[in-house]
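> test case, fold it:
(chains A and B)
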Amino acid sequence: MKSLKFDVPVYDSTQRGQPALFELREVLKYRDLIAQLVRRDVLTRYKRSVLGIAWTLLNPLGMMVVLTIAFSQIFRISDVYSYSAYVLSGILAWNLFSQSTTAAMVNLVWGGGLLNRIYIPRSSFAIAAVGTGLVNTTLALIPLILVMLVTKVPIRVTLLFIPVCAILLAFFSLGVGLLISTMSVYYPDVAEMYQIILNAWLYLTPIIYPVDILPEAYRYWITNLNPMFHMVRLFRIPIYYGRLPFWNELWPALIISICTLFIGWYIFSNKSDEFAYRI
Amino acid sequence: MKHSLIRTEQDEVIRLENVSVLYCVPHERINTFKEYAIRWIQGKIKNQTFWALKDINLAINKGEVFGLIGQNGAGKSTLLKLIARVLRPTKGRVWVKGYVAPLLELGAGFHPELTGRENVFLNGAMLGFSRQEMEDKFNQIVDFAELWDFIDSPLRTYSSGMWARLGFAVATDVNPTILIIDEILSVGDEAFQRKSLSRIQSFRKNGSTILLVSHNMDTIKSMCQRAAWLNHGRIEAIGEATEVIRAYRQNQSE
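Residues are numbered from 1 along each chain as shown, chains lettered A, B, ... in the order given. Next comes the predicted model:
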């Protein structure tokens, strides 16, 4: 009889405790849903196109070719071949960040009708968006390795360090994704504004250009105050430079990603009750 | 959760205490960002607040079939959302004991590009079931929906009736403690409607509590013992279904 009592879920709108912890428990309970949402996003993205999932591989590759042709001249890079690998490793990190944060926000605002019909943990969409981003990044490693083979950039064991970089970047993306999702529920304009910010941010981060073309006077500020600089560098080191990051390259990324995730999670879960009123 | 501390009647499964819901709605529906930006610059975005529900007190017992009636916009759906945990009340307390099967909108989480099979698993996960649980239930669900021939076709090829059948089959393939039905008995063909009704009847026999929203007074009269009439967010009348319907009809004809 006693065990039966524990099986019956009881919901009391006044008793919940700390929202951030509550949301975490709910997400763990609904982890199969998040897996299903990732599966849905990966499967449906290119479902009606002829090449299907191959686009996940072709997308960054196409961008790399365009950038290599366009910028290798402008930046007067002597070694065009290694520029491809340089740019592709940066784009990989950038795409994970920009795609998953945008998807987190769009899923919540436009897919929010679902939140008005059945109860699911509100952060499921954002977590699934980052999960989808991670799957796409993993797939995009295939063209990256191909490019490295073709351009004779040595492939080293340090590639095995990428999962650590990817997870840190995923934490950072989830934190940012939750923050902008919360904002876009209150101010829908944020969704449009974010696209402009992303654009500016992309050009402010040494992704398509080498760090040393930045003017000496601003270089310190543009790099060190830009969280994505640390994230992209962390991604690029094991791929392009073929070594493990030094401690002073690792800790800024570590602190930034964990703090951002914590802040994003806290604010999102404290505000999420109001979402159903506004979406 | 320390639910043992809460004093309730032994067989109460739903209780609302002084529940109010305050909605904040823009004056006009603004669909595009451009429109929004223009209005924002013009300073024309004004929000209006209104109480969708005001001081609702309601207790529903285990095994009851409870009807909710009222005009459009009276707050029926808002009330159901509170019980389905979708909405947290602005004021007051909502207390629900048991597994709630929300039939608010059948197949709401379906994705048209995924196959029927994939959608069953996705929808099951949205209802809080694990993958393992869904694998155990899968055959039964497709049997009930009678969709074996189409289960591996994408959902966009389904008719709306087939879509609803699959939705109903997933949502009800568990013995829920509380079943929420919002005007959904009109889905599918007549044979499937009969089948759905008999499934709902069997839930009733097994002691499920059913909350039914309908504009069809005959449905309410034939299925419910008690009913509540909601009017502009307040409970106008509550009690025996026939009495409440009589009061409602009298008011409507005036």
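> least confident secondary structure element in the chain?
Picked chain A for this. For chain A, counting by mean pLDDT, DSSP states H and E, helix A:2-7 ranks last in confidence among helices and strands (a mean of 42).
> my bad, chain B
Lowest mean confidence among the helices and strands of chain B (mean pLDDT, DSSP H and E): helix B:33-42, at a mean of 70.
> what's the neighbour count on the residue lying closest to A:T223 once chain neighbours are set aside?
Of all residues beyond its chain neighbours, the one nearest A:T223 is A:F229 (4.6 Å), with distances taken as C-beta to C-beta, 6 or more residues apart in numbering or on different chains. C-beta: built from backbone N, CA, C; applies to glycine. A:F229: 19 surrounding residues under other C-beta atoms under 10 Å in any protein chain shown.
> which positions in the stretch 51-200 of chain A make contact with chain B?
Within the stretch 51-200 of chain A, the residues that sit near chain B (C-beta under 8 Å from any C-beta of the partner chain) are A:113-120, A:188-189, A:191-192.
> buried among the residues you listed? Make that a PyMOL selection.
For anyone working in PyMOL, the buried entries among those, judged by 16 or more other C-beta atoms under 10 Å in any protein chain shown, can be selected with:
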select buried, chain A and resi 114+115+116+117+118+119+120+188+191
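> out of the residues of the stretch 51-200 of chain A next to chain B, which one has the lowest pLDDT?
Summarising pLDDT for these: the lowest-scoring member is A:G113, with 73.
> how near is that residue to B:G109?
From A:G113 over to B:G109 the distance is 10 Å, taken as C-beta to C-beta, to the nearest Å.
> what's the answer for A:T158, then?
A:T158 is 42 Å from B:G109, where distance means C-beta to C-beta.
> so, low pLDDT: which residues of chain B?
Low-confidence segments of chain B, defined by pLDDT under 70, span residues B:1-10, B:25-36, B:39, B:43-47, B:103-105, B:183-188.
> now the helices for it?
Remark: helices of chain B, listed N- to C-terminal, are B:33-42, B:76-83, B:116-126, B:131-145, B:160-172, B:190-205, B:217-223, B:241-253; assignment by DSSP state H.
> figure out which of those is closest to A:P19.
Nearest of these to A:P19, taken as C-beta to C-beta: helix B:76-83 at 18.1 Å.
> can you name every helix or strand that the closest one contacts?
strand B:12-26, strand B:47-61, strand B:65-69, strand B:91-97, strand B:178-182, strand B:209-213 (3 or more C-beta pairs under 8 Å, 6 or more residues apart in numbering or on different chains; DSSP states H and E).
> 7 Å - rerun?
Based on contacts counted as 3 or more C-beta pairs under 7 Å, 6 or more residues apart in numbering or on different chains; DSSP states H and E, the elements that helix B:76-83 packs against are strand B:12-26, strand B:47-61, strand B:91-97, strand B:178-182, strand B:209-213.
> so what does A:Y11 look like in phi/psi?
Main-chain dihedrals, A:Y11, degrees, to the nearest 10: phi -110, psi 130.
> for it, which non-adjacent residue is spatially closest?
By the measure of C-beta to C-beta, 6+ apart, the closest residue to A:Y11 outside its immediate chain neighbours is B:V96, 4.5 Å from it.
> run a quick neighbour tally on that neighbour.
B:V96 sits with 24 neighbouring residues when counted by other C-beta under 10 Å.
> so it sits against B:E12, correct?
No. The criterion here is C-beta atoms under 7 Å, and B:V96 misses it with B:E12 at 10.0 Å.
> give the contact list for the residue nearest to A:Y11.
Contacts of B:V96 were listed using C-beta atoms under 7 Å, 6 or more residues apart in numbering or on different chains, and they are A:11, B:13-14, B:83, B:178.
> let's see it at 10 Å
Under the criterion of C-beta atoms under 10 Å, 6 or more residues apart in numbering or on different chains, the contact partners of B:V96 comprise A:9-13, B:12-16, B:60, B:82-85, B:177-178, B:209.
> B:I151 now?
Neighbour list for B:I151: B:115-120, B:138, B:141-142, B:145, B:166 [criterion: C-beta under 10 Å, 6+ apart].
> quick one on the thing from earlier: okay if I get the helices of chain B as CSV plus mean neighbour count?
Shown next, in CSV, are those (neighbours: other C-beta atoms under 10 Å in any protein chain shown):
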stretch, mean neighbour count
helix B:33-42, 13
helix B:76-83, 23
helix B:116-126, 24
helix B:131-145, 16
helix B:160-172, 22
helix B:190-205, 14
helix B:217-223, 16
helix B:241-253, 15
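> closest one to A:S272 among those helices?
helix B:76-83 (15.0 Å).
> CA atoms of that closest one as CSV?
Included here for helix B:76-83 are C-alpha records, laid out as CSV according to Å, rounded to 0.1, in the frame of the first residue of the first chain:
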residue,chain,number,x,y,z
LYS,B,76,-13.1,26.2,-19.7
SER,B,77,-9.8,25.6,-21.6
THR,B,78,-7.9,27.7,-19.1
LEU,B,79,-9.2,25.5,-16.3
LEU,B,80,-8.2,22.4,-18.1
LYS,B,81,-4.7,23.8,-18.7
LEU,B,82,-4.3,24.4,-15.0
ILE,B,83,-5.2,20.8,-14.3
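> what is the nearest of the contacts of B:I151 to chain A?
Distance to chain A, by C-beta to the nearest C-beta, is smallest for B:E118 among these, at 7.4 Å.
> if I pick the closest one, what's in contact with it?
With contacts defined as C-beta under 10 Å, 6+ apart, B:E118 is in contact with A:36, A:39-40, A:43-44, B:110-111, B:151-152, B:154-155.
> cool, A:M148 as well?
Applying C-beta under 10 Å, 6+ apart, the residues contacting A:M148 are A:81-82, A:84-85, A:88-89, A:154-156, A:159, A:239-240, A:242.
> buried set for the host helix or strand of it?
Counting by DSSP states H and E, the element that carries A:M148 is helix A:124-150. Neighbour-count burial for helix A:124-150, with 16+ other C-beta under 10 Å as criterion, is recorded at A:124-137, A:139-141, A:143-144, A:147-148.
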